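Build the 3D model from these lines:
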Amino acid sequence: MYRDLEAQNPQLYTSNGVLMMLDRNRKCKDHPERFQETMPVEAFDIIVSCEERVFDQILQAFDEYEGGMETVHIVNLDIKDNHEDATIGSFAMNDLCHMIEKSDDLDEDMEDIILR
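Numbers count the residues shown, from 1 in each chain. Next up, the predicted model:
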């Protein structure tokens, strides 16, 4: 996708931040990842999404899952897919992850963490 947009109109996609965002994303991971492919879901303590549509898909996947169930916290930070909101959202996500990491009892602390 990066190469396609760069070939189409590098000035436009650089000025609106799309190429920078795609470049950042490709440094984070090789390809889009689907948690459903990492089954069993018992491997997860928490799943964080950044879009309501994805959050709904996660809930649907859990509704359809037929394996054993453990408590999994599913959190959505609704972040608009543009450079400015993605930057702000990355700080919110970082803060959330640090609070989760500091928790000694995630089941007990999760509601307070989310409300902060």
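
where's residue 94, which helix or strand?
Element membership for residue 94 (DSSP states H and E) is helix 83-102.

So which elements touch that helix?
Helices and strands touching helix 83-102, by 3 or more C-beta pairs under 8 Å, 6 or more residues apart in numbering; DSSP states H and E, are helix 18-28, strand 46-49, helix 106-115. The C-beta positions use only the backbone N, C-alpha and C, and glycine is treated the same way.

contacting residues around it?
16-18, 20-21, 46, 48, 50, 75, 77, 79-80, 106, 110, 113, 116 (C-beta atoms under 8 Å, 6 or more residues apart in numbering).

what two of the residues you listed are the furthest from one another?
Maximum pairwise distance among the contacts of helix 83-102 (C-beta to C-beta): 38.4 Å, between 16 and 106.

just the helices and strands packed on helix 83-102: most buried one?
Per residue and on average, the most neighbours among the helices and strands packed on helix 83-102 fall to strand 46-49, with a mean of 17 (mean count of other C-beta atoms under 10 Å).

domain ranges for the chain?
Using automatic domain parsing, the domain ranges for the chain come out as 1-32, 43-115.

With mean pLDDT added, can I get the ones you listed in JSON lines?
Formatted as JSON lines, the domains of the chain follow (pLDDT from 0 to 100):
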{"stretch": "domain 1-32", "mean pLDDT": "83"}
{"stretch": "domain 43-115", "mean pLDDT": "90"}
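
Count the neighbours of residue 13 for me.
Around residue 13 there are 19 other residues, counting by other C-beta atoms under 10 Å.

er, residue 10 I mean
11.

repeat for residue 6
Neighbour tally, residue 6, other C-beta under 10 Å: 15.

Indicate which one of the helices and strands packed on helix 83-102 is closest to residue 7.
Nearest to residue 7, of the helices and strands packed on helix 83-102 and by C-beta to C-beta, is helix 18-28 at 11.1 Å.
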